[in-house]
Each structure stands twice: as structure tokens, then as C-alpha cells.
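1. Fold the following for me, if possible:
(one chain, ligands or ions: 1)
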Amino acid sequence: MNILVTGCYGQLGIALQQIAADNCSHQWFFTDIDTLNICDFNAVERYFTANGIDICINCAAYTAVDKAEDEPELAEKVNTEAPRILADCCKQHQSTLIHVSTDYVFDGNSRHPYREDDSTAPFSVYGKTKRNGERAIQESGCNYIIVRTAWLYSSTGKNFVKTMLMLGDTKDEINVVDDQKGCPTWASDLAQAIFVLVENYGKKPTHEIFHFTNEGQITWYEFACAIMEIGGKHCKVNPITTDQYPTKAKRPAYSVLDLNKIKSMTGMEIPFWRDSLEKCIEEIIKKNE
Ligand SMILES: NC(=O)c1ccc[n+]([C@@H]2O[C@H](COP(=O)([O-])OP(=O)(O)OC[C@H]3O[C@@H](n4cnc5c(N)ncnc54)[C@H](OP(=O)(O)O)[C@@H]3O)[C@@H](O)[C@H]2O)c1
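-> As a prediction, this is how the structure comes out:
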């Protein structure tokens with residue numbers, strides 16, 4: 001199959017490049033904004049035609065959650081309008097769109113892990129534009145798989161794990177919120193899960209949403225403590241409340257995603273968050289040696 005990956009310089013895009021290097025049975029096309037701007041319908045259409053794209057994995061997004069509150073038009077263009085463009089091209093070419101979305105489509109008031117069919121009610125600009133992107137894809141009539149994930153990190157790019165390790169080197173003490181619960185996701189595990197979906201569903205007519213994170217649930221404070229411990233940092237982490245750490249965009253207090261659907265429909269086993277965190281930190285330490 002000919003597989004197009006957009007946003008390939010991002011955390012997930014790079015993780016998919018590593019998977020592709022080990023899976024030569026497909027022809028992979030890796031693009032980012034410098035080679036394929038997904039907001040440009042004509043460019044996307046030309047790319048599909050020229051390369052006979054069977055599957056498009058959309059890793060491109062506007063991911064700056066707080067900045068999105070000040071740049072709603074740009075966030076909407078990349079997170080809502082561009083997925084509509086990709087979906088229209090997929091419909092035109094009978095291709096399948098695998099699109100990545102977020103736990104921030106939920107309001108966080110649930111007391112049980114969110115299932116794929118729970119109602120969405122985002123309150124941040126980022127969450128709303130991502131939810132509208134999902135809807136645009138569903139309304140397009142193309143074959144699609146939407147994978148919602150959360151708290152993504154990797155050894156590349158900017159993320160919570162790398163920020164904590166850096167703070168661990170420069171601060172004696174930090175405060176981290178302890179009243180927002182979710183589950184971290186190592187980009188390499190998500191990339192592997194997406195590859196399993198590619199192998200399982202290929203170009204079959206599919207209209208599915210799946211949730212994927214690592215297993216378990218923790219707060220940002222607990223996550224920070226684990227990062228300091230595994231990374232060997234002697235920085236004290238103090239638990240604080242969301243009220244004590246105001247941010248421009250409000251985050252869901254609870255955004256644990258229910259993983260039963262992807263596990264039962266694919267048979268995949270999902271690593272526990274701490275095991276994956278250890279692997280990622282090992283990778284980061286090796287890179288810095
Ligand atoms: N990061 C998280 O914690 C998190 C949590 C839940 C869900 N997700 C979702 O997971 C997916 C992957 O996230 P990520 O963390 O890997 O994102 P990322 O690291 O921010 O990467 C996104 C990539 O898309 C590129 N891009 C932006 N606009 C584009 C355009 N118009 N055309 C083509 N490429 C464009 C970005 O380029 P620039 O860097 O130049 O803008 C960047 O290389 C996204 O859909 C995101 O919403 C992420």
C-alpha cells in the first residue's frame with residue numbers, strides 16, 4: 001500500500017518514520033508543511049493523484065493548547081479545515097484516512113474512563129477545533145479511523161517528559177498539578193498501534209473511532225514524580241491544584257480513555273505507562289550521551 005504520513009517532523013510523525021524503516025512491505029511518503037501543507041486543497045489533491053495514496057495518516061496538527069486561545073483561526077484551519085480537505089481527497093481516491101485526535105474533546109466531568117461513543121463537550125479552542133475536525137471527517141463520507149490519544153511524549157520535540165527532565169537539572173523544587181487525571185502515551189507505542197490498525201483494516205470500508213493511550217491512570221504530579229525518579233533527578237515535586245497554576249486554556253480534570261475497544265477489536269496488548277516511560281527516558285539519556 002502507498003501510505004502518506006503528514007506532519008512527519010512531529011512527535012508521532014517521527015515515531016512512524018521509525019516503524020516504516022522496519023516495514024518495507026509498504027511504500028511510505030513522509031511529508032510536513034514544507035513539502036505538503038495540508039491546508040492547501042490543490043496541493044493535497046495533486047499529491048494523492050501523483051502518488052496513488054491508499055492510506056493517509058494525519059499526524060499534522062496545531063498542538064499549542066494555550067496559544068490556540070489567541071490564534072483560534074489558525075487552529076481551526078489546521079485542526080478542522082485541513083482534516084476536511086484530507087477526508088475529501090480520501091473520498092475522491094477511495095483511500096482511508098487515519099486521523100489522530102485528543103482526549104481534550106471531552107469535558108473531563110466523567111467518573112469513568114471515556115468510551116469512544118461518549119458525548120464530546122470540549123471547552124478549549126484546541127479541543128473544539130479537534131472535535132470539529134473529527135466531525136468534518138465523519139460527515140465527508142470517506143473511510144476513516146479516528147484515534148484519540150492523550151498526554152503524548154517522545155524523545156523528540158517539546159513535551160512534558162523532556163520539560164521535567166530539564167527542570168530536574170536546573171531546579172531544586174517544582175510545583176505540579178495533582179487534580180488532573182489522565183494517562184500518558186509514548187509516541188512509539190501510538191505509532192505501533194496505528195501500524196496495527198493499518199495492517200488490520202487496510203483499505204477496507206471503515207468508519208471507526210478508537211481510543212489509545214498507555215495503560216493506567218495518573219495525575220500530572222504523579223507523572224512528574226516518576227520522571228524525576230526514573231531520570232535520576234534530585235528535584236522535589238510538590239502537588240498543587242489547578243487553581244494554583246492558571247493556564248490560558250482550561251484542561252479536563254479527568255480524561256482517562258477507555259481502551260477496551262481497540263484491545264478487543266485488534267487483540268493488541270498495550271504497555272503500562274511506567275514501562276514505556278522508562279524506555280523513553282533511556283532513549284533520551286542515550287541521545288544526550
Ligand atoms: N501532544 C500531545 O500531548 C497530544 C495529545 C493528544 C492528542 N494529540 C494529537 O496527536 C497528533 C500528533 O501530535 P504531535 O504531538 O506529534 O504533534 P506535533 O509534534 O506538534 O507535530 C505536528 C506536526 O504537524 C506540522 N504541521 C502543522 N501545520 C501543518 C500543515 N498545515 N501542514 C502540514 N504539517 C503541519 C507541525 O509543523 P510545525 O511544528 O512547523 O507547526 C509539526 O511538525 C495531533 O493530531 C495532536 O492533536 C497530541
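2. in the stretch 51-200 of the chain, which spans are strands?
-> Ranges of strands in the stretch 51-200 of the chain, per DSSP state E, counting those that start in this stretch, are 55-58, 96-102, 143-149, 152-153, 173-177, 181-182, 185-186.
3. could those go into JSON lines alongside mean pLDDT, mean neighbour count and distance to the ligand?
-> Using the backbone N, CA and C atoms, a C-beta is placed for each residue, glycine as well. Shown next, in JSON lines, are these (pLDDT from 0 to 100; neighbours: other Cβ atoms under 10 Å; distance: least, Cβ to the nearest ligand atom, whole Å):
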{"stretch": "strand 55-58", "mean pLDDT": "98", "mean neighbour count": "27", "distance to the ligand": "7"}
{"stretch": "strand 96-102", "mean pLDDT": "98", "mean neighbour count": "26", "distance to the ligand": "4"}
{"stretch": "strand 143-149", "mean pLDDT": "98", "mean neighbour count": "23", "distance to the ligand": "5"}
{"stretch": "strand 152-153", "mean pLDDT": "98", "mean neighbour count": "24", "distance to the ligand": "4"}
{"stretch": "strand 173-177", "mean pLDDT": "98", "mean neighbour count": "17", "distance to the ligand": "15"}
{"stretch": "strand 181-182", "mean pLDDT": "97", "mean neighbour count": "20", "distance to the ligand": "9"}
{"stretch": "strand 185-186", "mean pLDDT": "98", "mean neighbour count": "26", "distance to the ligand": "7"}
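4. Take those and write them to JSON lines, including distance to Thr120.
-> JSON lines is the format used below for the strands of the stretch 51-200 of the chain (distance: least, Cβ to Cβ, whole Å):
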{"stretch": "strand 55-58", "distance to Thr120": "18"}
{"stretch": "strand 96-102", "distance to Thr120": "9"}
{"stretch": "strand 143-149", "distance to Thr120": "10"}
{"stretch": "strand 152-153", "distance to Thr120": "19"}
{"stretch": "strand 173-177", "distance to Thr120": "23"}
{"stretch": "strand 181-182", "distance to Thr120": "16"}
{"stretch": "strand 185-186", "distance to Thr120": "19"}
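5. how about the nearest residue to the closest residue to the ligand within the chain, chain neighbours excluded?
-> Nearest residue of the chain to the ligand: Gly10, at 1.9 Å (Cβ to the nearest ligand atom). Residue nearest to Gly10 in three dimensions, not counting chain neighbours: Cys59, with 5.5 Å by Cβ to Cβ, 6 or more residues apart in numbering.
6. So for the nearest residue to Lys248 once chain neighbours are set aside, what's the pLDDT?
-> Among residues not flanking Lys248 along the chain, Asp66 sits closest, at 4.1 Å (Cβ to Cβ, 6+ apart). At Asp66, the model reports a pLDDT of 97.
7. who's in contact with Ile145?
-> Taking Cβ atoms under 8 Å, 6 or more residues apart in numbering as the criterion, Ile145 is in contact with Thr96, Leu97, Ile98, His99, Leu197, Tyr201, Thr206, Glu208, Ile209, Phe210.
8. go on, Thr96?
-> Thr96 makes contact with 54-56, 90, 142-145, 201-204, 206, according to Cβ under 8 Å, 6+ apart.
9. can you rerun that using 6 Å?
-> If you count contacts by Cβ atoms under 6 Å, 6 or more residues apart in numbering, Thr96 has them with Ile55, Asn143, Lys203.
10. if we take those, which one ends up nearest to Ser276?
-> Closest approach to Ser276 among the contacts of Thr96 (Cβ to Cβ): Ile55, at 25.1 Å.
11. Quickly note the distance from the closest one to Met268.
-> 18 Å (Cβ to Cβ, to the nearest Å).
12. and if you look at Phe195?
-> Phe195 is 10 Å from Met268, by Cβ to Cβ.
13. So for the two, which sits in the more crowded spot?
-> Phe195 (20 against 16; other Cβ atoms under 10 Å).
14. name the element the residue nearest to the more buried one when sequence neighbours are not counted belongs to?
-> Nearest non-adjacent residue to Phe195, counting by Cβ to Cβ, 6+ apart: Ile19, 5.1 Å away. According to DSSP states H and E, Ile19 maps onto helix 11-21.
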